[in-house]
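> Predicted model and sequence follow; I will ask about them next.
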Amino acid sequence: MPLRWRTLPHLLLLTLFSVATSCSAKEAAFENTAVVRTADLGGAIVHVMTTYAIKSLANGQDVYTVAFTKKERDSTSFLEVKVKGQKDPLEIRERPFYANAKFTHVDVLLPKKLAENATLNLVVETIQTHMTEPWPEYAGQKENQAMRYTSDLYVLSPYPTLVQRTKIKALAPRIISFTNPENVGAFASDSVASKSGATVTYGPFNNLPATADYDFIKSHQQPVTVRYYHDQPVLEVTSYKRAVEISHWGSNINTEDNIILHNAGPKLKGHFSRVDYQQQTYYGHPVPHILHSLRLDLPPGINNVYYYDLVGNVSTSRLNIAPAVPKGQVAKQDSNLELKPRYPLMGGWNYTFTLGWDADLASAASYNKSSGEYQIEVPIMTPISGAVVDNLELKVVLPEGATDIEVVTPYPSRAMWLERQTTYLDTIGRPVIMFEYKDLTMRHAQKIYVVYKLSVKEHFRKPFVVSAVFFGLFLFTFIVRRIDLTIHKKRKTA
Ligand SMILES: *[C@@H]1O[C@H](CO)[C@@H](O)[C@H](O)[C@H]1NC(C)=O
Ligand SMILES: *[C@@H]1O[C@H](CO)[C@@H](O)[C@H](O)[C@H]1NC(C)=O
Ligand SMILES: *[C@@H]1O[C@H](CO)[C@@H](O)[C@H](O)[C@H]1NC(C)=O
Ligand SMILES: *[C@@H]1O[C@H](CO)[C@@H](O)[C@H](O)[C@H]1NC(C)=O
């Protein structure tokens with residue numbers, strides 16, 4: 001069965017090798033009047049905003065290029081470029097690169113051609129995953145959680161830059177230490193690193209040449225490290241498996257998540273002491289790196305919510321279900337689940353659980369009469385605040401007999417394929433669309449749209465099969481009875 005697939009062009013998942021369109025033969029001519037990079041340090045994710053005040057040095061330019069170090073590129077799972085103050089992202093195209101490249105380029109299509117000396121402010125937003133690590137690696141149950149983040153000192157750009165700064169911000173004003181860069185005399189005065197509250201600033205660096213350049217990197221680029229205390233658990237979802245099953249016959253959409261949660265903070269030194277833990281909780285000094293509970297936003301109007309782990313049902317959680325809204329309308333409120341793992345999740349520990357719910361199909365599906373198509377919206381995942389999802393597998397099970405399947409994804413998946421699943425009461429099997437993703441964050445918690453047709457005949461396939469099975473059951477009991485009777489009779493006659 002053919003599967004048509006479209007993706008929205010302005011979002012690019014950088015973990016995918018994208019085939020770029022033609023590189024422009026003539027390099028564009030720009031100058032960066034100012035470049036400011038701000039890295040907001042989280043636990044497992046780092047949110048980086050870089051603003052480029054650009055000036056066009058030639059007439060009619062409409063492609064601006066941003067550069068990333070290879071390490072940045074490999075750890076970046078979300079990239080969006082906007083004109084400062086505007087809502088819609090600009091279209092971007094990554095250029096191909098070799099595995100051993102030191103840096104990579106992404107072309108940004110500007111909203112209009114820039115004339116000579118015209119200026120524009122661009123905001124490049126990226127999310128880096130797995131760039132922080134607990135340091136030291138081990139911490140006792142009563143100790144602080146220290147993390148470290150290492151970045152490159154200079155922002156790379158194929159254009160010269162008049163002034164550049166990098167700010168690295170922790171969540172709390174508790175910076176432990178930071179690198180003082182050396183050999184920066186060519187672009188700055190001697191003390192270029194300073195700390196104020198929760199922020200470490202590097203720069204200003206003046207009159208930088210094009211920094212996305214092998215010679216510049218060789219003679220000037222250097223790593224800088226910031227160590228900081230982080231007061232929230234560092235969460236990683238090592239495996240997130242979501243299965244969504246659509247049933248027209250029951251007018252139901254079932255969502256089931258199978259999640260392995262990992263506390264990626266410092267590993268627990270020594271043994272876990274429940275007494276210490278209870279004392280800390282009792283005296284109101286819960287240790288920040290221990291996860292006690294997790295608040296999840298689930299869709300409104302859901303029912304039959306279940307939550308169990310490897311031991312069994314977990315009943316210590318609180319659930320508030322928001323009223324359903326018709327499809328297409330924005331929900332005022334989500335349902336909330338305050339999920340309490342069976343045990344406090346210490347550094348290095350894992351917790352495996354399953355969470356599922358049902359919803360009325362009408363909350364997710366709509367039918368287009370003129371094209372005869374159903375359109376279903378499927379959220380890729382439930383966002384878990386601050387966590388990175390290392391591996392996600394999404395399985396969408398369509399009704400039996402669905403044809404002309406088309407999917408629209410908000411960003412490309414690493415892999416996507418179609419298979420067939422036959423379960424109880426199925427005759428020809430159901431089409432199943434599988435998606436695989438890596439390194440997802442809150443910003444990736446978007447929706448996939450699945451469009452398909454289901455003929456009237458197919459619509460009645462299920463009731464028909466069910467009655468056939470019922471008939472079979474009748475027949476079976478009948479036969480059993482007859483045998484029973486026969487034995488009975490035989491006994492009687494014996
Ligand atoms: C652009 O600015 C430069 C320097 O200020 C000036 O020499 C040049 O004439 C300007 N070009 C245009 C087209 O205004
Ligand atoms: C878990 O809860 C569900 C619904 O409340 C119930 O149907 C099921 O039997 C329970 N399972 C166990 C193992 O207690
Ligand atoms: C948690 O899971 C990771 C891999 O997913 C594994 O390497 C680690 O040993 C597990 N930790 C514990 C305490 O079982
Ligand atoms: C319904 O399908 C028709 C024909 O394909 C299309 O022109 C129309 O835009 C669709 N309507 C909606 C609401 O998607």
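Looks like it arrived, so ask away. Ligands and ions are numbered 1, 2, ... in the order given.
> Could you use CA atoms for every contact and neighbour count after this?
Fine.
> which stretches of the stretch 101-250 of the chain aren't confidently modelled?
Along the stretch 101-250 of the chain, the parts satisfying pLDDT under 70 run over 190.
> tell me which element the residue of it found nearest ligand 3 is part of?
Going by Cα to the nearest ligand atom, ligand 3 is nearest to T238 of the stretch 101-250 of the chain, at 5.8 Å. Using DSSP states H and E, T238 maps to strand 235-247.
> That strand - contacts with which helices or strands?
Judged by 3 or more Cα pairs under 8 Å, 6 or more residues apart in numbering; DSSP states H and E, strand 235-247 is in contact with strand 252-263, strand 388-397.
> quick check, distance from the shortest one to the centre of its chain.
Chain-centre distance of strand 388-397: 9 Å, with Cα atoms, centre = their mean, to the nearest Å.
> Pull out the buried positions in it.
388-397 (16 or more other Cα atoms under 10 Å).
> Following the chain onward from it, which element is next?
On the C-terminal side of strand 388-397, the closest following helix or strand by DSSP H and E is strand 403-409.
> before we move on, the earlier item: what's next to the strand holding T238, contact-wise?
By Cα atoms under 8 Å, 6 or more residues apart in numbering, the residues outside strand 235-247 that reach it are 43-44, 252-265, 361, 378, 380-381, 386-399.
> residue contacts, the closest residue to ligand 4 within the stretch 51-200 of the chain?
Relative to ligand 4, the nearest point of the stretch 51-200 of the chain is D88 (22.1 Å; Cα to the nearest ligand atom). Counting by Cα under 8 Å, 6+ apart, D88 touches K82.
> helix, strand or coil for it?
The three-state assignment at D88 reads coil, by DSSP: H, G, I helix; E, B strand; the rest coil.
> I'd say Q280 and P288 touch.
No: the pair Q280 and P288 does not pass the contact test of Cα atoms under 8 Å, sitting 10.7 Å apart.
> more crowded one of these two?
P288 (18 against 15; other Cα atoms under 10 Å).
> which SS class is the more buried one?
coil.
> Equivalent analysis for V63, please.
With three-state DSSP as the criterion, V63 reads strand.
> how many neighbours does it have?
21.
> Look up how far Q145 lies from the most centrally placed residue in the chain.
Centroid-nearest residue in the chain, with Cα atoms, centre = their mean: L440, separated by 2.3 Å. Using Cα to Cα, to the nearest Å, L440 is found at 24 Å from Q145.
> again, but for I428
55 Å.
> Pick out whichever of the two has more residues nearby.
Q145 (28 against 13).
> show me the residues around that one that make contact.
With contact taken as Cα under 8 Å, 6+ apart, Q145 is in contact with 134, 139, 229-231, 265-266, 288-289.
> Let me have these in JSON lines, extended by distance to V325 and secondary structure.
Below are the contacts of Q145 laid out as JSON lines (distance: Cα to Cα, whole Å; DSSP: H, G, I helix; E, B strand; the rest coil):
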{"residue": "P134", "distance to V325": "43", "secondary structure": "strand"}
{"residue": "A139", "distance to V325": "46", "secondary structure": "strand"}
{"residue": "Y229", "distance to V325": "42", "secondary structure": "strand"}
{"residue": "H230", "distance to V325": "38", "secondary structure": "coil"}
{"residue": "D231", "distance to V325": "37", "secondary structure": "coil"}
{"residue": "G265", "distance to V325": "39", "secondary structure": "coil"}
{"residue": "P266", "distance to V325": "43", "secondary structure": "coil"}
{"residue": "P288", "distance to V325": "37", "secondary structure": "coil"}
{"residue": "H289", "distance to V325": "37", "secondary structure": "coil"}
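> OK, contacts around E143?
V287.
> about what we covered before: and the angle from the strand holding T238 to strand 252-263?
Interaxial angle of strand 235-247 relative to strand 252-263 (axes from the mean of the first three to the mean of the last three Cα atoms, to 10 degrees): 170 degrees.
> Contact distance from ligand 4 - what residues of the protein qualify?
368, 370-371 (Cα under 6 Å from any ligand atom).
> Backbone dihedrals for whatever residue of the chain ends up closest to ligand 4, both of them.
For the chain and ligand 4, the shortest gap (Cα to the nearest ligand atom) falls at S371, measuring 4.2 Å. Per-residue torsions, S371: phi -100, psi -10 (degrees, to the nearest 10).
> and what of Y277?
Dihedral angles (degrees, to the nearest 10) for Y277: phi -60, psi -40.
> ditto for the one 3 residues further on
Backbone dihedrals for Q280, given as degrees, to the nearest 10, come out at phi -60, psi -40.
> Neighbours of the closest residue to it other than its chain neighbours, how many?
Take Q280 and drop its neighbours on the chain: the residue closest to it by Cα to Cα, 6 or more residues apart in numbering is P286, 5.2 Å away. Around P286 there are 16 other residues, counting by other Cα under 10 Å.
> Now do the same for P286: its pLDDT.
Residue-level confidence at P286 comes out at 71, pLDDT.
> buried sites along the strand or helix carrying Y307?
Assigned by DSSP H and E, Y307 belongs to strand 303-309. For strand 303-309, burial by neighbour count (16+ other Cα under 10 Å) applies to 305, 307-309.
> for stretch 409-425, same thing?
Judged by neighbour count (16+ other Cα under 10 Å), stretch 409-425 contains these buried residues: 409-413, 418.
> Closest one of the residues you listed to ligand 3?
Out of the buried residues of stretch 409-425, the member with the shortest distance to ligand 3 (by Cα to the nearest ligand atom) is S413, at 21.8 Å.
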